[in-house]
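K.L.:
please work out how this folds:
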Amino acid sequence: MSKTDLLERYEALPLPTTADEHWRFTDLKGFDPAAFGQDGHLQGQTPAVAAPDAAMLDIEAEGLATVSERGIEITGAPAGVTFEPLGDHERLGSLVGADEKFAAHNAASWKHGLLVRIGRGVRLEQPLYVRISNSIEDGSLFWRLLVICEPESSAVLIEEYASSSPQLAGYSNAVAEVFVEQAARLEYVSLQNLSRETWHFASHRARVQRDAELDWVAGGFGSKKGKVWIENDLSGEGATSRVTGAYFADGSQHLDYDTYQLHSAPNTTSDFAFKGALRDRAIAVWRGMIRVEPDAQRTNAYQENRNLMLSPTTHAVPIPGLEILANDVRCTHGATLGQVDREQLFYLMSRGLSRPEAERLIVRGFFTDVLDRIELDPVREALEQMLEARIPETEG
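P.N.:
This next block holds a predicted model:
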């Protein structure tokens, strides 16, 4: 479809409402995509390639791409790796189409994208790092990522979303399509730390082929409201995917994750674990679905969502689901909501800790098991620091 056709399709699709099943708990009232300047091109403002004030990770990378409303700056590309601006590609749009309002908006409007292709048998020692920064007040940034890990390759790709100012208002719309081909291994880290005035919508979808492995880390700390789709299609026998999610929301933040584990081949394994902590009036929604197709015998799938409520005014909505069409499978799920244990809090404070210090220790303990799933030390340490930093130094 042409850009014109895609734009017409986007305009024809209605903005989701709470009458739509997947949006029941995320009300977009007050959000108008047309109110944000296209790619930040607003009257009297000059967009510039600008990194956020502080990166979440201090890590050595084999390739670095810095993205803003103006475009992409790329530094370095290892041998055997394509790391370049994305143009027309035969796989573009094959995983994330234009059937959903925000995916259609991205398909019609994106200008800045990145193609990452890891050549057959290439094994990278250090990560590839992509930093996407909203840098224009009341601007919009449409981002597109296409990743292809060819057979028997191995790589780590880190993607970080941030804002150049903590007060910046904007609209972020991202799509990532990830292909992990036969016997390849990819560790994909996607961290979101946008400003509290930025609406963020994203569709991330991966296809994992025969004997391939995808280890996915999703971190959510910023944004005002929106929705993130995370979908895995285990399309080849012996494929494995593991998704580890950690999020922290406070103030009036509203985070919404919609995850989908599709098992379409036999002997496949998926493991989704999401944990979040909430303070003040924050809301978190997680909807998870495991679907096992009739031919996907001997599937092993698990999903869980655990929430720690640090204030009585927070709200969490976990919605696990199963669609099992095969008869030789092992599929389980779990979801919990819990408040801070008063006895534990009292014990820590009786040992001389302030309430914030005690809560910080409790948060660390709550997230320990999901953080232990993260193989990269800098990523694990950065997430731990971000989670603990959300507890105020003083009570108030």
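K.L.:
show the end-to-end separation of stretch 242-256, please.
P.N.:
For stretch 242-256, the first-to-last residue distance is 19 Å (Cα to Cα, to the nearest Å).
K.L.:
list the buried residues of that stretch.
P.N.:
Buried residues in stretch 242-256, counted by 16 or more other Cβ atoms under 10 Å: 242-250, 253-256. Using the backbone N, CA and C atoms, a C-beta is placed for each residue, glycine as well.
K.L.:
so for that stretch, mean pLDDT?
P.N.:
Averaging pLDDT along stretch 242-256 yields 96.
K.L.:
buried ones in stretch 62-77?
P.N.:
Neighbour-count burial for stretch 62-77, counted by 16+ other Cβ under 10 Å, picks out 62, 63, 64, 65, 66, 67, 68, 69, 70, 72, 77.
K.L.:
I'd say the first one and residue 76 touch.
P.N.:
What it means is residue 62. Yes: if you go by Cβ atoms under 8 Å, residue 62 and residue 76 touch, sitting 6.2 Å apart.
K.L.:
got the CA positions of stretch 154-171 in PDB?
P.N.:
Extracted as PDB, the C-alpha positions of stretch 154-171 are listed here (Å, rounded to 0.1, in the frame of the first residue of the first chain):
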ATOM      1  CA  SER A 154      24.000 -14.000  17.900                       C
ATOM      2  CA  ALA A 155      23.500 -10.400  19.000                       C
ATOM      3  CA  VAL A 156      22.300  -8.000  21.700                       C
ATOM      4  CA  LEU A 157      20.200  -5.000  20.600                       C
ATOM      5  CA  ILE A 158      19.300  -2.300  23.100                       C
ATOM      6  CA  GLU A 159      16.600   0.200  22.300                       C
ATOM      7  CA  GLU A 160      16.000   3.200  24.600                       C
ATOM      8  CA  TYR A 161      13.100   5.700  24.400                       C
ATOM      9  CA  ALA A 162      13.600   9.000  26.300                       C
ATOM     10  CA  SER A 163      12.700  12.700  26.200                       C
ATOM     11  CA  SER A 164      15.200  15.500  26.000                       C
ATOM     12  CA  SER A 165      13.300  17.300  28.800                       C
ATOM     13  CA  PRO A 166      11.400  15.800  31.700                       C
ATOM     14  CA  GLN A 167       8.500  18.200  31.100                       C
ATOM     15  CA  LEU A 168       8.300  17.800  27.300                       C
ATOM     16  CA  ALA A 169       4.900  17.100  25.900                       C
ATOM     17  CA  GLY A 170       4.700  14.800  22.900                       C
ATOM     18  CA  TYR A 171       3.300  11.800  21.000                       C
END
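K.L.:
can you pull the buried residues of stretch 158-170?
P.N.:
Buried residues in stretch 158-170, counted by 16+ other Cβ under 10 Å: 158, 159, 160, 161, 162, 163, 164, 165, 168, 169, 170.
K.L.:
revised request: answer the last question for stretch 16-24.
P.N.:
Buried-residue list, stretch 16-24, by 16+ other Cβ under 10 Å: 16, 23.
K.L.:
hmm, back to that, dump the buried residues of stretch 242-256 to JSON lines, plus distance to residue 330 and secondary structure.
P.N.:
As requested, those are exported to JSON lines (distance: Cβ to Cβ, whole Å; DSSP: H, G, I helix; E, B strand; the rest coil):
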{"residue": "242", "distance to residue 330": "16", "secondary structure": "strand"}
{"residue": "243", "distance to residue 330": "18", "secondary structure": "strand"}
{"residue": "244", "distance to residue 330": "20", "secondary structure": "strand"}
{"residue": "245", "distance to residue 330": "22", "secondary structure": "strand"}
{"residue": "246", "distance to residue 330": "25", "secondary structure": "strand"}
{"residue": "247", "distance to residue 330": "27", "secondary structure": "strand"}
{"residue": "248", "distance to residue 330": "32", "secondary structure": "strand"}
{"residue": "249", "distance to residue 330": "32", "secondary structure": "strand"}
{"residue": "250", "distance to residue 330": "37", "secondary structure": "coil"}
{"residue": "253", "distance to residue 330": "36", "secondary structure": "coil"}
{"residue": "254", "distance to residue 330": "34", "secondary structure": "strand"}
{"residue": "255", "distance to residue 330": "30", "secondary structure": "strand"}
{"residue": "256", "distance to residue 330": "29", "secondary structure": "strand"}
